[in-house]
Each structure stands twice: as C-alpha cells, then as structure tokens.
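Chemist: One predicted model, sequence on top.
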Amino acid sequence: MKYGLITLAGFMVAAGITAVAQQAAVHSPAVVDSSVTSAPAAAAVPGFQERHPRYRLRKGDSFELDFAMTPDFNQTITVQPDGYITLKAVGSVFVEGQNVPELTETLKTAYVKVLHDPVIAISLKDFEKPYFIASGQVNRPGKYDLRSDLTVTEAVAIAGGFDEKSKHSQVVLFHPMPGGGFQAKLINVKKLLATHDLTEDVQMQPGDMLYVPQNTLSKIRPFLPNSSVTALLGSGGVL
C-alpha cells in the first residue's frame, strides 16, 4: 500500500505539470510551426497551407515528351534513381522534385542548345499516387491514398480516429521538403474540435505524415495500482 501511495503521489505531480501545460495551451494557437527541417535554406518549398499543390517528380516516374514542331525528338522518359533523365541530343538533366511547369522550363533551356524556341508538351504517364501516412496512437495506422482535399482531422478519421492512448493535443504533422528532410507542425486537434473552429485545420499534402503521441496516463498506468487509477479518473483527473 505504501508503494501505491508513493507512486500515486508521483503520478499527481506529473498530472499537475500536465495540467499547467494544458492551461497554457488554451491561450496558444492550435497550430504551431516547430521549424524542424533539415532541407537546404535556399530550397523553394510550398507552405503548409498551399491549396492544390502541383505534383513533383519522384524517382521512377515517367512522362511523355512531345515536340510540336520537331517530332523526331519525342520520347518516353523515366526519372532515374539518381533523379536525372537522359534526353535525345542533350544528355543528362536533373529533374527530381520539379512540377510540370518547372520541368517544361528546364527542358526548354536544355534544348535551346539544339533547337530554336522549342515548343514542348509534357504528359505524366506513370507516377506515384499521392498519399499520406498516419502513425502512432490511431486505430488504423498505415499509408493512405490522398484522393482529394483533406485536412488533418479528416486524415485522422480515415485512419480510424484516435485510440484510448492518444495525446491528441500534440499531434505532429511532418511535411517532406524537396531538398530532403522534413518540416514539422504541432497541432492541437483536441482544441480544434473542442472549440468547433476548424479554420486552423491544416491541409494535408502528398507525402505528409501524421504522428499521434502516447498520453502520459497510458505510459505510467502499468506501474499504478488499479485503485489509484480509478480514484484519479473518478475525481476528474485528465492527462
């Protein structure tokens, strides 16, 4: 019994600390940019809130390249494992991470050496379907197709919702950067839902990963007597 009292005392201290953090969260934005990134600073990247982002080429993608005036240069191209493509009469060009408008300008610049004012049309042929990943404390973690506009709360619902161990006040959204690495945002989904205000419900983008951490109670519950946990929950204690 002495062990249970000591453990419960420690637990209440942890609960007090968490309660203070929750009080502070009430006055803070539901979405916080943690600015965690390992991508080059000069890389041009879309913001988290960009709507309808263009698809960016990945390794293994292929596309049709058509020249209206010089069909002899037409070819089907596959992005190689190193991010380069090989063009007729031009050679190797790095294109990984570019969208179609950017790729069009890159190829026009490359072909200026052999063609005067080339007219180029590009059609994506075989490419990776947009997706997002849900991990951590959701009922159905995994990789899901991103078929349409989707927000963080909708993505969580698709992944089966939060489980009983989730800390849904600190959901982390990781966004891949074109130059490598990830940018992270901390999202208080609990606050978004409690206030019925989804104006800060972040738009998902292809390749994003949601991570739902484990709450404090579920971490220490195995070390507490059942009577202590029941007493805490009965008194309204929440972590």
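Modeler: Yep, it's here. Numbering: from 1, shown residues only.
Chemist: what comes up buried for stretch 102-115?
Modeler: Of the residues in stretch 102-115, those buried under the neighbour-count criterion (16 or more other C-beta atoms under 10 Å) are 103-104, 107, 110-111, 115. Yep, even glycine has a C-beta here, placed from its N, CA and C like the rest.
Chemist: Looking at these, which is nearest K165?
Modeler: L103 (44.2 Å; C-beta to C-beta).
Chemist: I'd say the closest one and Y55 touch.
Modeler: No. L103 is not in contact with Y55 according to C-beta atoms under 8 Å; the separation is 10.5 Å.
Chemist: Quick one: mean pLDDT over stretch 204-213.
Modeler: Per-residue pLDDT values over stretch 204-213 give a mean of 92.
Chemist: CA atoms of that stretch as PDB?
Modeler: Provided in PDB are the C-alpha atoms of stretch 204-213 (Å, rounded to 0.1, in the frame of the first residue of the first chain):
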ATOM      1  CA  MET A 204      -2.700  17.700 -46.000                       C
ATOM      2  CA  GLN A 205      -0.200  17.500 -48.800                       C
ATOM      3  CA  PRO A 206       1.200  14.500 -50.700                       C
ATOM      4  CA  GLY A 207       3.800  12.600 -48.600                       C
ATOM      5  CA  ASP A 208       2.800  14.100 -45.300                       C
ATOM      6  CA  MET A 209       3.000  12.000 -42.100                       C
ATOM      7  CA  LEU A 210       0.800  12.400 -39.100                       C
ATOM      8  CA  TYR A 211       2.200  11.200 -35.800                       C
ATOM      9  CA  VAL A 212       0.000  10.900 -32.700                       C
ATOM     10  CA  PRO A 213       2.000  10.500 -29.500                       C
END
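Chemist: what does that stretch contact?
Modeler: By C-beta atoms under 8 Å, 6 or more residues apart in numbering, the residues outside stretch 204-213 that reach it are 46, 48, 50, 53, 55, 130-138, 146, 150-152, 154-156, 159, 162, 166-168, 170-176, 182.
Chemist: picking that back up, for E200, state which of the buried residues of stretch 102-115 is nearest.
Modeler: Using C-beta to C-beta, L103 is the member of those that lies nearest E200, at 33.4 Å.
Chemist: Could you list the domains of this structure?
Modeler: In the assignment given by automatic domain parsing, the structural domains of the chain cover 2-51+130-228, 62-126.
Chemist: Buried among the contacts of stretch 204-213? Make that a PyMOL selection.
Modeler: Listed next is the PyMOL selection for buried residues among those, using 16+ other C-beta under 10 Å:
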select buried, resi 48+130+131+132+133+134+136+137+138+146+150+152+155+156+159+162+166+167+168+170+171+172+173+174+175+176+182
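Chemist: Restricted to helices, list the contacts of stretch 204-213.
Modeler: Counting by DSSP state H, the part of the contacts of stretch 204-213 found in helices is 152, 154-156.
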